[in-house]
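S.K.: okay, predicted coordinates and the sequence, questions at the end:
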Amino acid sequence: MDEQKRKTCKASHVTLSQMMQPEMANAMGNIHGGWIMKLVDEAGGLACIRHSNHRCVTVAVDQMTFKHPIRIGDLVMLEAEVSYTGRTSMEAEVNVYAENVRTGQRWHTNRAYLVYVALGDDGNPTPVPPVIPESDEEKDRFTAGEARQVHRLKQARLAEKNGKN
């Protein structure tokens, strides 16, 4: 793909914000992890759509660990951007923050890496523009994303091999 088709990490940046409501929570007032996972998937998917200019489907979610509970009434903010690209796949880093709107206290609740594949009009995987990491942090994230993708592919091959035995 020629140089003008390449895109920076920042070009895919997406921010979503949503106030947490009672129907999103358990009886203790903590927001269900599945609700946050849904928002993480939406934010990551939007970043990849913005990067590729194609529909995208989720193919993998790396480990998601919640470091802090999110409560009813908290404002949740998700920031996502493409961190690594393959030929037809993209990795998005999604960071989740919660804010107590009464006190202004804000905290980082979790980070996740998700992999999406871009789909062409025919519904098949289609090439995506390479991502250009600019800052040292983006370059480190790209290198780590490349290593994560190698690991994911190795795990998939092992699972396939073990499934055939």
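M.R.: Done, it's in. Numbering: from 1, shown residues only.

S.K.: mind checking the longest helix of the protein?
M.R.: The longest helix of the chain (DSSP state H) is helix 136-164.

S.K.: which elements pack onto it?
M.R.: If you count contacts as 3 or more C-beta pairs under 8 Å, 6 or more residues apart in numbering; DSSP states H and E, helix 136-164 packs onto strand 75-85, strand 89-99, strand 106-119. Every residue, glycine included, has its C-beta placed from N, CA and C.

S.K.: residue 77 against residue 107, yeah?
M.R.: No - Residue 77 is beyond contact range of residue 107, at 10.9 Å (criterion: C-beta atoms under 8 Å).

S.K.: now do the shared contacts for the two.
M.R.: Listed contacts common to residue 77 and residue 107 are 97-99; contacts here mean C-beta atoms under 8 Å, 6 or more residues apart in numbering.

S.K.: any chance of those residues in CSV, plus neighbour count and distance to residue 87?
M.R.: Output for those, formatted as CSV (neighbours: other C-beta atoms under 10 Å; distance: C-beta to C-beta, whole Å):
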residue, neighbour count, distance to residue 87
97, 19, 32
98, 21, 36
99, 17, 38
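
S.K.: give me the neighbour count for residue 39.
M.R.: Per other C-beta atoms under 10 Å, the neighbour tally for residue 39 reads 22.

S.K.: and the one 4 residues further on, by the same measure?
M.R.: Using other C-beta under 10 Å, residue 43 is surrounded by 24 other residues.

S.K.: separation between it and residue 144?
M.R.: Counting by C-beta to C-beta, to the nearest Å, the separation of residue 43 from residue 144 is 19 Å.
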